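Visitor: coordinates only, sequence not included:
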Ligand code: BGC
């Protein structure tokens with residue numbers, strides 16, 4: 001084994017060949033299967049065993065949630081009132097072998113051999129166990145599981161049992177376990193919800209009892225949010241079997257000769273009234289199930305491999321010379337695909353669909369971290385993510401009114417269906433930069449795709465409505481500088497400050513962009529402009545006000561140190577005493593009251609340093625170096641969103657070792673569980689940060705008003721790396737080795753970009769060029 005998590009370092013899969021109960025909880029997360037909607041933790045087919053805290057039997061549907069009132073013993077006006085949390089739904093994959101009345105269960109049975117593999121190219125979770133029963137019978141159980149990437153509602157399991165040293169009766173029980181609940185909150189603010197009691201109430205069940213009909217349909221309704229859920233299964237035995245109805249499923253009994261195999265294929269479908277009328281969910285689940293069953297497991301598996309082949313064709317980031325790292329990169333890309341909602345109604349949760357950390361909430365993680373990966377590999381998914389924000393505008397307008405903004409829209413800091421769910425406002429609602437983050441991703445989308453139709457249809461309305469908040473909260477000081485007071489920037493170890501550098505710089509970008517978009521729309525598509533302006537009551541004076549505020553924006557800078565100050569007060573605070581902080585006191589948020597942290601010069605994550613990346617062409621290299629040096633010294637990286645950004649900026653300023661070190665911290669963060677909480681779900685922002693670290697970091701890719709450009713470097717330990725990016729309908733491959741970079745135009749008529757300052761134009765006649773790497 002190449003690391004302490006029991007996983008062999010293989011580029012295209014994770015595989016374990018020993019069963020270690022202390023790793024069960026963590027590995028359930030790592031072995032999760034998902035398709036952007038359904039998420040099934042990699043728990044055993046037979047169901048989990050073990051006490052709370054050892055395991056989590058989790059099945060989730062992205063965005064499918066219940067709500068609970070947030071109660072504050074000490075109330076204040078405008079605090080978030082309703083928490084939305086992603087529900088743990090019935091476990092429909094459960095299936096188990098029974099021999100002589102003994103049911104196979106991992107903790108109670110004698111396991112002679114074990115292997116479990118999750119393959120990023122087949123999308124299958126495969127497990128093989130050899131089990132010796134109490135009476136000495138040995139059987140092999142081989143299972144394959146998939147959550148269909150091409151069929152939103154469908155999952156399937158193949159469960160094959162082979163008697164090894166006897167001939168006799170084998171029973172396979174396939175049922176639905178509806179006795180599931182969400183995790184309860186502990187002391188860690190990053191885990192679990194505060195809910196009490198069951199959230200799903202059964203309204204109907206139907207268990208097929210006719211010969212040949214082994215289908216089950218369970219209908220439930222959520223306690224508060226009022227959604228209907230259908231969970232449906234069907235099971236098909238491979239040979240003649242006696243069938244008995246058991247609870248929400250069936251048992252299949254067969255006499256099996258030694259060495260022969262008895263298999264049950266189980267098909268699963270979920271449907272919810274978030275997507276359709278409540279009375280349609282049962283029939284819909286049933287129809288999806290019938291289609292999956294008609295296709296059969298093997299055909300579903302082929303479809304899955306085909307889907308993934310197309311994904312990897314465009315998305316693969318290949319790194320030569322380091323298998324463990326390559327595994328981390330592929331693992332991260334695979335989980336991003338598995339986690340991202342692509343229907344315009346769902347988004348990507350901080351933990352994807354792999355666990356309950358952060359309750360299935362969506363954050364700015366989407367726009368600033370995850371978005372670029374999809375933008376450059378699957379632009380239609382990027383567009384769906386923006387559409388989600390468009391659909392959230394009505395709620396964001398409501399929230400703005402609650403926050404005393406007469407105009408505009410304020411996005412929630414964390415949410416599922418658009419409610420502000422952040423119960424701790426200093427590190428939640430106060431992060432107004434969420435509005436600018438959304439606008440930034442729309443700007444990037446426009447630069448990368450040129451899709452102005454989207455701007456006319458949805459993008460402009462988002463950008464304009466959200467820009468209004470800046471003129472709403474900002475004001476001019478006596479020196480006529482535009483100030484934004486009482487906000488929190490990305491760094492959550494500093495809260496409610498005046499003129500957070502990141503926020504102000506991003507607000508300036510946002511207002512300038514909003515004014516540009518308004519003017520372009522008016523010039524190029526007057527009818528669309530008139531429609532949008534009328535819908536939101538936009539006045540010309542507002543556009544002028546954005547330009548004026550942008551021009552006068554206060555951007556704190558300390559002349560003595562020559563650095564951008566994180567906010568007006570940051571440098572006047574006491575430095576944190578890192579030398580006397582024991583290692584076990586990290587992350588600080590679990591060991592110190594927020595006020596203790598807020599009083600110090602200490603950062604949880606990149607803040608000014610993130611601005612250096614996102615607004616790259618506004619800073620000189622010297623600026624970047626000084627800022628990096630200073631903020632590196634005060635940053636704990638307690639947030640998993642931090643290291644990747646430091647890696648990228650380190651690359652740019654020529655700190656090669658640091659760039660590599662920070663990149664390594666990001667690339668295997670979940671595989672090596674370096675933040676010690678992956679059992680509650682993967683860290684999707686850091687996963688995407690890995691892609692950013694290669695493309696933006698080592699390859700120096702930037703796309704802004706100055707165009708597309710690269711400045712590739714090769715980390716010493718690698719022999720090369722390669723990735724592709726879709727820009728304006730073209731597909732460009734970038735392949736970097738020890739001396740140079742090959743650029744290949746794989747699709748599209750032409751593309752112009754710069755390599756270390758030299759302009760290159762590729763087209764059909766000249767689709768390839770090799771350039772020397774900058775020194
Ligand atoms: C980070 C936030 C992030 C959230 C969800 C927090 O620990 O500080 O920036 O949005 O996690 O990933």
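Guide: It's in. Being a predicted model, the structure only gives us computed values, none of them experimental. Numbers count the residues shown, from 1 in each chain.

Visitor: what are the buried residues along the longest helix belonging to the chain?
Guide: Longest helix in the chain by number of residues, with DSSP state H as the criterion: helix 501-524. For helix 501-524, the neighbour count (16 or more other Cβ atoms under 10 Å) marks 501-518, 520-522 as buried. Bear in mind the C-beta positions are built from the backbone N, C-alpha and C, glycine included.

Visitor: quick one: mean pLDDT for that helix?
Guide: Predicted confidence along helix 501-524 averages 98 (mean pLDDT).

Visitor: who does it touch, helix- and strand-wise?
Guide: The helices and strands touching helix 501-524, judged by 3 or more Cβ pairs under 8 Å, 6 or more residues apart in numbering; DSSP states H and E, are helix 433-449, helix 460-473, helix 526-536, helix 540-551, helix 608-614.

Visitor: dump those helices to a markdown table, plus mean neighbour count and distance to residue 677.
Guide: A markdown table is the format used below for the helices and strands packed on helix 501-524 (neighbours: other Cβ atoms under 10 Å; distance: least, Cβ to Cβ, whole Å):
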| stretch | mean neighbour count | distance to residue 677 |
| --- | --- | --- |
| helix 433-449 | 23 | 23 |
| helix 460-473 | 24 | 32 |
| helix 526-536 | 15 | 41 |
| helix 540-551 | 17 | 39 |
| helix 608-614 | 25 | 22 |
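
Visitor: got those helices as JSON lines, with distance to residue 653 columns?
Guide: Formatted as JSON lines, these follow (distance: least, Cβ to Cβ, whole Å):
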{"stretch": "helix 433-449", "distance to residue 653": "22"}
{"stretch": "helix 460-473", "distance to residue 653": "30"}
{"stretch": "helix 526-536", "distance to residue 653": "41"}
{"stretch": "helix 540-551", "distance to residue 653": "27"}
{"stretch": "helix 608-614", "distance to residue 653": "9"}
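
Visitor: please produce a markdown table containing those, extended by distance to the ligand.
Guide: Formatted as a markdown table, the helices and strands packed on helix 501-524 follow (distance: least, Cβ to the nearest ligand atom, whole Å):
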| stretch | distance to the ligand |
| --- | --- |
| helix 433-449 | 9 |
| helix 460-473 | 18 |
| helix 526-536 | 28 |
| helix 540-551 | 25 |
| helix 608-614 | 10 |
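
Visitor: nearest to residue 745, of the ones you listed?
Guide: helix 433-449 (15.7 Å; Cβ to Cβ).

Visitor: continuing past that closest one, what's the next helix or strand?
Guide: Tracing the chain past helix 433-449, the next element assigned as helix or strand by DSSP states H and E is helix 452-454.

Visitor: what about that next one, average pLDDT?
Guide: For helix 452-454, the mean pLDDT works out to 98.

Visitor: buried residues in it?
Guide: Of the residues in helix 452-454, those buried by neighbour count under the rule 16+ other Cβ under 10 Å are 452, 454.

Visitor: what's the host helix or strand of residue 87 packed up against?
Guide: Counting by DSSP H and E, the element that carries residue 87 is strand 82-88. Counting by 3+ Cβ pairs under 8 Å, 6+ apart, the packing neighbours recorded for strand 82-88 are strand 59-69.

Visitor: what angle sits between the strand it packs on and strand 82-88?
Guide: Between strand 59-69 and strand 82-88, the angle comes out at 150 degrees (axes from the mean of the first three to the mean of the last three Cα atoms, to 10 degrees).

Visitor: and stretch 490-510, anywhere near the ligand?
Guide: Yes. Applying Cβ under 6 Å from any ligand atom, one finds stretch 490-510 touching the ligand at 490, 492.

Visitor: now stretch 492-500, how far from the centre of its chain.
Guide: The chain centre lies 25 Å from the centre of stretch 492-500; the measure is Cα atoms, centre = their mean, to the nearest Å.

Visitor: circling back to that earlier point, the strand holding residue 87 pairs with which strands?
Guide: strand 59-69 (antiparallel) (DSSP bridges).

Visitor: give me every residue in this protein lying close to the ligand.
Guide: When proximity is defined by Cβ under 6 Å from any ligand atom, the chain lies next to the ligand at 350, 358, 363-365, 490, 492, 604-605, 639, 641, 685.

Visitor: sitting in helices, which of these do you find?
Guide: 365, 685.

Visitor: and of the residues of the chain next to the ligand, the nearest to residue 56?
Guide: In terms of Cβ to Cβ, no member of the residues of the chain next to the ligand lies closer to residue 56 than residue 358, at 14.4 Å.

Visitor: residue in the stretch 651-775 of the chain nearest to the ligand?
Guide: Proximity of the stretch 651-775 of the chain to the ligand (Cβ to the nearest ligand atom) peaks at residue 685, 5.4 Å away.

Visitor: quick one, grab the pLDDT at that residue.
Guide: Spelled out, the predicted local distance difference test score at residue 685 is 98.

Visitor: and it, how many neighbours?
Guide: 25 (other Cβ atoms under 10 Å).

Visitor: just checking, it touches residue 641?
Guide: Yes. Applying Cβ atoms under 8 Å, one finds residue 685 in contact with residue 641, separated by 4.8 Å.

Visitor: returning to what we had before: mind putting the residues of the chain next to the ligand in CSV, distance to residue 479 included?
Guide: Shown next, in CSV, are the residues of the chain next to the ligand (distance: Cβ to Cβ, whole Å):
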residue, distance to residue 479
350, 40
358, 41
363, 35
364, 31
365, 36
490, 27
492, 30
604, 31
605, 31
639, 34
641, 34
685, 37
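
Visitor: of the residues of the chain next to the ligand, buried ones?
Guide: Using 16+ other Cβ under 10 Å as the burial test, those include 350, 358, 363-365, 490, 492, 604-605, 639, 641, 685 as buried.

Visitor: hmm, back to that, quick check: neighbours shared by residue 685 and residue 641?
Guide: With contacts defined as Cβ atoms under 8 Å, 6 or more residues apart in numbering, the residues shared by residue 685 and residue 641 are 365, 369.

Visitor: so where's the chain shaky on pLDDT?
Guide: Applying pLDDT under 70 to the chain flags residues 1-4, 49-53, 185-196.

Visitor: can you tell me the centre-most residue of it?
Guide: Per Cα atoms, centre = their mean, the C-alpha nearest to the average position across the chain is that of residue 684, at 3.6 Å.

Visitor: what's the closest non-adjacent residue to it?
Guide: Closest residue to residue 684 apart from its sequence neighbours, by Cβ to Cβ, 6 or more residues apart in numbering: residue 352 at 5.0 Å.

Visitor: that neighbour and residue 39, how far apart?
Guide: Separation of residue 352 from residue 39 (Cβ to Cβ, to the nearest Å) stands at 7 Å.

Visitor: overlap in contacts of the two?
Guide: Residues touching both residue 352 and residue 39 comprise 32, 338-339, with contact defined as Cβ under 8 Å, 6+ apart.

Visitor: out of the residues you listed, which sit inside strands?
Guide: Among the shared contacts of residue 352 and residue 39, no member falls in strands (criterion: DSSP state E).

Visitor: okay, those in a markdown table with neighbour count next?
Guide: Supplementary listing: the shared contacts of residue 352 and residue 39 in a markdown table, determined by neighbours: other Cβ atoms under 10 Å:
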| residue | neighbour count |
| --- | --- |
| 32 | 28 |
| 338 | 24 |
| 339 | 28 |
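
Visitor: pick out whichever of these sits closest to the ligand.
Guide: Comparing the shared contacts of residue 352 and residue 39 against the ligand with Cβ to the nearest ligand atom places residue 339 closest, at 12.6 Å.

Visitor: lovely, talk soon.
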